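Engineer: Kindly return the folded structure for what I paste below:
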Amino acid sequence: MHDDTSLTTGRVKRVLQERVLPAIYSDSIPLEVSWHELPGEPIAPAEALALNYTSTAVGTQWGAAWGTTWFHLQGQVPAEWAGRRIEAVIDLGFDVNMTGFQCEGLIYRPDGITIKALNPRNQWVPIAESAAGNESVDLYLEAASNPVLLDHHPFLPTEQGDILTSSSSKLYTLRRVDLAVFEPVVQDLALDLEVLLDLQEQLPQSPRKMQILQALDNALDVLDLQSITATAQAARDELASVLAAPAEHSAHQISAIGHSHIDSAWLWPLRETIRKVSRTASSMVELLGDEPDFLYGMSSAQQYKWLKSHRPEVWDRVKQAVADERFLPLGGMWVESDTVMPSGESLVRQFLYGQKFFRDEFGVTSKGVWLPDSFGYSPALPQLMRRAGFEWFFTQKISWNQQNKFPHHSFAWEGIDGSRIFSHFPSMDTYNSQLSGEEVAKAARQFREARVTNNSIAPVGWGDGGGGTTREMAGKAKRLANLEGSAQVRWEHPNDFFDRAKKELPNPPVWVGELYLELHRATLTSQHQTKQGNRRTEQLLVEAELWATTATLYTGADYPYEQLDELWETVLLHQFHDILPGTSIAWVHREVVDRYAQVIEQAEALILAAQQQLTGSGSTSITFNGAAFTRNAVAFGQAKSLQIVQDDSVQVSEADGGYVLDNGVVQISINAQGLITSAIDLATGRESIAAGQEANLLQLHQDFPNMWDAWDVDKYYRNQVTDLREVDSLELSTTPSGAKLITVTRSFSQSKLVQELSLAPGSNTLHISQSTDWHEAEKFLKVAFPIDVRAEQTIAETQFGYHKRVTHVNTSWEAAKFETSMHRFVLAEEPGFGVGLINDSIYGFDVTRDAKDAQVTTTVRLSLLRAPRFPDPHTDQGVQTHRYGLVIGADIAGVTEAGALLNSDERVVLGAQEVSPLVSISGDGLVVSSVKLAADRSGDLVVRVYESLGRRAHGELKINAQLGSASTASLLEEHLDDGAIELSEGSLQLALGPFEVRTVRLTLKK
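Structural biologist: Numbers count the residues shown, from 1 in each chain. From the prediction side, this is the model:
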């Protein structure tokens, strides 16, 4: 026979698009439409239903950017439609390629109960399953005119991303508002044709492929294109045999879960996400009622709380669906956060607050962490997940790697402490599956563990901007449940998938260390004020807990549970993986900066109130230390009266227009350009700066990535660089404590920068405080430190420890890591000597190995500022501040301490008495991470410690309180079965493994 494949497929595609799909609605009449355009922000549904509405019509333009328009839709079902399924069909001006990224709507009944959402791929509303005829139709539609920002030509700068600058022009045209007869047999035919058409495209030349093609031709031969409804069943009958052919015994098994990855903010503000969650949840509850096998999963306790607080009519329906085990809370986190930049305590609180909400509201505890879209995953995460009680981890983002293909789909992920957690990446490489033939075939074709197991997950539904699973996707799942030539699809709870996968893969392959995403590297730097606010607030909240706990136990003061919970929830929300990374619209980041300022103000007030309770009224200056290390003879958690004595031990001499600073510990030479030419550790005589090089050298790069402006920096950015050597002024001064301060002022391009370089008596750290009035576009500002150390690897802090990365680029895996992450420090060392860089708000850095005259040195550059123009065209414009420091003659312990001290300022309060530490610890490498009262409000004391040096450690934890009992607890503060700890006069002995995190829960004697 001749090969007529293209003839058949072309025929099917045209008939499907031009005849079958339009015939799903066989008859229609227009609904009467009236409207009310809101002048400002959205209002409550109850208020909207009582508005005055004026008549309008299809063809009317509506909706300025970020506006809300309420439509009132009325009509009557014709008597002749009795016994038919009736739906409303509404087109707000949709583009089917922009689901979740443009206008959307939510349909209400007159009593305020939601029905379902409208979006480009979901334009229908159920009216009657079997109409009686003549019944009235009365609907209200809340329509959001969100602008399209990521258009067919993406990444163009736009002012539409902020309500303050967006256009007032109407963006959409109302295209259709009809009452229509829905033809289920025609829709079934459309799905049959689509599934078979997709399947045959994925099959090789084979009898199965030929049989499908012949069946498709046979179906269209009996389909009357002028009478689709009447002949649709006959066409379906021709397809029945090929659809009934069962899957092969070895067919790949796909566990589908309804899904809508709703970004808590991104190309829309937080207030719009609240409505997106409401819209999607309404549609998914409706679909659960129509599809008995369907399951829907949604992560993020914050999004559930939004429903409860803002849309109680949706919340009630969701809560019932959760009770029915059809709507599945996933992930056990407050939001789907970034996991690279938040502190260890922040990640603990993501789990604590997320699981607590699920338990309190639903009686449900998540067994796994669900993070499909975060931009890389910290190597500290496996331990934290396991110690929080999680059994599995799910993501798919690593499939976005630019260069290297990740070798596993089901595997064990090992963290810095040796903890392992069973992990899975979906082999179809998406978290927004439509169950297309290409996706299903890809899942089977590229599954890496197919020798020993044959299962993968498919999150099914429109996501990012919401939308969720459609009835068409559910229809495909039915047809793919057992179909020859295809993987088998079934709706299944991820817990059941992981239980089976672990049994089938008892000895999984192991991936050790970070899950580095070879993309979106610039998210470590974009929107500096957002990152600065995160670092500051998460530290302040830990300090607020420390002093509030101390005040409660020492003075009987009330512990501020509600205030701390509210502040933590705000900080956790803003760690969402498109907020903290700096990749949202201007509106989002403008609000975030304001909210951080509010959190700082309230946290500072809590700290001050607790400290005043502790010191009492008086006029003595009392210095408090909330850092985990002793500072100026004040221990962690202690408050003492200190005498400020000026120390003149820092000597200064002029040299060649610059200065030499010498405090007896280090000697630092700064030239006339404000650059560091020498930094000597006087105890060893070792030079820290590479010969002939200059440190503290600011470098400005052109920064225009191929795409994803706020997200990406491409490696060719290094090809264009300007060294900022010119200075406006160089001045010397002395601080009240005796530190020597050199102020450097520079002007460059459109910007101006002021640095204050200071060396304190007895310190081995040169501190640099920098203020930059930044007015660049598409530029990247770095500061370089060429270090006279042959470092085989750098050591960068991560949560509760550090992570080592080699400095060479022997393989493509190392070469891809040209921009990497840190928390408070990065250390370059060789045996016997090291140099560290500490910071208070920087997360990105790069490292190169340089050679001159056979001498290998290491250059570390901190990433300071960027200026991408999408999605926020004014990213980081204005004054930005940084604090960082060069630690000379450093080791792990030294930079850990220096980084902690830089990030926690000492506080001076007027009072009457000093304060003894509530908690103290001894033992090399042991660090107290947090001191708080238990989240369950039992009054128990919770202390978390960790091992910071990467080795086994022994020590003693002392509590200055009357204790009843002590036990090891999970990160969720639950007693562990074997966790009882022996107490001896308020002390307990500790033995921790490398980087181990230990949570101790203590009851107090009444």
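Engineer: hey, let's count contacts and neighbours off CA atoms from now on
Structural biologist: Will do.
Engineer: Identify the residues contacting Val931.
Structural biologist: For Val931, the contact set (Cα atoms under 8 Å, 6 or more residues apart in numbering) comprises 542, 545-546, 549, 919, 941-944.
Engineer: State the three-state secondary structure for Leu179.
Structural biologist: Three-state call for Leu179 (DSSP: H, G, I helix; E, B strand; the rest coil): strand.
Engineer: Relative to Val809, how far out is it?
Structural biologist: Distance of Leu179 to Val809, computed by Cα to Cα, to the nearest Å: 64 Å.
Engineer: Between the two, tell me which one has more neighbours.
Structural biologist: Leu179 (28 against 14; other Cα atoms under 10 Å).
Engineer: Please name the bridge partners of the residue lying closest to that one once chain neighbours are set aside.
Structural biologist: Leaving aside its chain neighbours, Leu179 sits nearest to Ala88 (4.5 Å; criterion: Cα to Cα, 6 or more residues apart in numbering). Beta bridges link Ala88 to Val125, Leu179 when assigned by DSSP bridges.
Engineer: need the contact list for Leu546.
Structural biologist: 626, 637, 930-932.
Engineer: Strand partners (parallel or antiparallel) of the lowest-mean-pLDDT helix or strand in the chain?
Structural biologist: For the chain, the helix or strand with the lowest mean confidence is strand 975-981, at a mean of 87 (criterion: mean pLDDT, DSSP states H and E). Partner strands and pairing direction for strand 975-981 (DSSP bridges) are strand 963-969 (antiparallel).
Engineer: And the partner strand, what's buried?
Structural biologist: Residues 963, 965-969 are the ones in strand 963-969 that count as buried (16 or more other Cα atoms under 10 Å).
Engineer: Which of those residues sits closest to Thr470?
Structural biologist: Looking at the buried residues of strand 963-969 and their distance to Thr470, the nearest is Ala969, at 42.8 Å (Cα to Cα).
Engineer: Pull the contacting residues for the closest one.
Structural biologist: Applying Cα under 8 Å, 6+ apart to Ala969 gives the contacts 975-976, 979, 998-1001.
Engineer: Most neighbours among the residues you listed, please name it.
Structural biologist: Ranking these using other Cα under 10 Å puts Arg1001 first, with 27 neighbours.
Engineer: does that one really touch Leu971, like I thought?
Structural biologist: No - the pair Arg1001 / Leu971 is not scored as a contact, 10.3 Å apart, by Cα atoms under 8 Å.
Engineer: end to end, how far does stretch 15-28 reach?
Structural biologist: Length of stretch 15-28, first residue to last, Cα to Cα: 21 Å.
Engineer: ok, residues contacting that stretch?
Structural biologist: Under Cα under 8 Å, 6+ apart, the answer for stretch 15-28 is 178-184, 186-187, 189-190, 193-194, 225, 228-229.
Engineer: try 6 Å
Structural biologist: With Cα atoms under 6 Å, 6 or more residues apart in numbering as the test, stretch 15-28 has contacts from 179-183, 186-187.
Engineer: Make a markdown table out of those and add distance to His520.
Structural biologist: Output for the contacts of stretch 15-28, formatted as a markdown table (distance: Cα to Cα, whole Å):
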| residue | distance to His520 |
| --- | --- |
| Leu179 | 46 |
| Ala180 | 46 |
| Val181 | 47 |
| Phe182 | 45 |
| Glu183 | 46 |
| Val186 | 44 |
| Gln187 | 41 |
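Engineer: re the thing from before, return the closest of the contacts of Leu546 with respect to Asp360.
Structural biologist: Closest to Asp360, out of all of the contacts of Leu546 and judged by Cα to Cα, is Lys932, at 20.7 Å.
Engineer: how many other residues sit next to that closest one?
Structural biologist: 22.
Engineer: Helix, strand, or coil at it?
Structural biologist: What three-state DSSP gives for Lys932 is strand.
Engineer: before we move on, the earlier item: go through the contacts of Val931 and flag which are in strands.
Structural biologist: Judged by DSSP state E, strands contain the following of these: 919, 941-944.
Engineer: wait, which of those residues is closest to Trp392?
Structural biologist: In terms of Cα to Cα, no member of the ones in strands among the contacts of Val931 lies closer to Trp392 than Arg944, at 23.5 Å.
Engineer: ok, the closest one touching Ser929?
Structural biologist: Yes - with contact defined as Cα atoms under 6 Å, Arg944 reaches Ser929; the gap is 5.4 Å.
Engineer: Walking through the stretch 101-250 of the chain, point out its strands one by one.
Structural biologist: Counting by DSSP state E, counting those that start in this stretch, the stretch 101-250 of the chain has strands at residues 104-108, 114-118, 124-128, 136-145, 172-173, 176-182.
Engineer: Packing partners of the third one?
Structural biologist: Judged by 3 or more Cα pairs under 6 Å, 6 or more residues apart in numbering; DSSP states H and E, the packing partners of strand 124-128 are strand 85-91.
Engineer: residue contacts, Glu87?
Structural biologist: Glu87 makes contact with 125-127, 179-180 under the criterion Cα under 6 Å, 6+ apart.
Engineer: Specify the local secondary structure of Ala691.
Structural biologist: Here Ala691 is recorded as coil under three-state DSSP.
Engineer: Spatially nearest residue to it, not counting backbone neighbours?
Structural biologist: Looking at Ala691 with Cα to Cα, 6+ apart, the closest residue is Asp788, at 7.2 Å.
Engineer: Neighbours of that neighbour, how many?
Structural biologist: Asp788 has 26 nearby residues by other Cα under 10 Å.
Engineer: List phi and psi for Ala301.
Structural biologist: Per-residue torsions, Ala301: phi -60, psi -30 (degrees, to the nearest 10).
Engineer: do Gly112 as well
Structural biologist: phi 90, psi 0.
Engineer: close enough to count as contact, Arg176 and Val89?
Structural biologist: No - the pair Arg176 / Val89 is not scored as a contact, 7.0 Å apart, by Cα under 6 Å.
Engineer: which of these two has more neighbours?
Structural biologist: Neighbour count, other Cα under 10 Å: between Arg176 and Val89, Val89 has more, with 23 against 18.
Engineer: Mind checking what helix or strand follows the longest helix anywhere in the chain in sequence?
Structural biologist: Criterion DSSP state H: the longest helix present in the chain is helix 586-615. Scanning forward in sequence from helix 586-615 by DSSP states H and E, the next helix or strand is strand 620-625.
Engineer: which residues make contact with that next one from outside it?
Structural biologist: Residues from elsewhere that reach strand 620-625 (Cα under 6 Å, 6+ apart): 636-641, 906-912.
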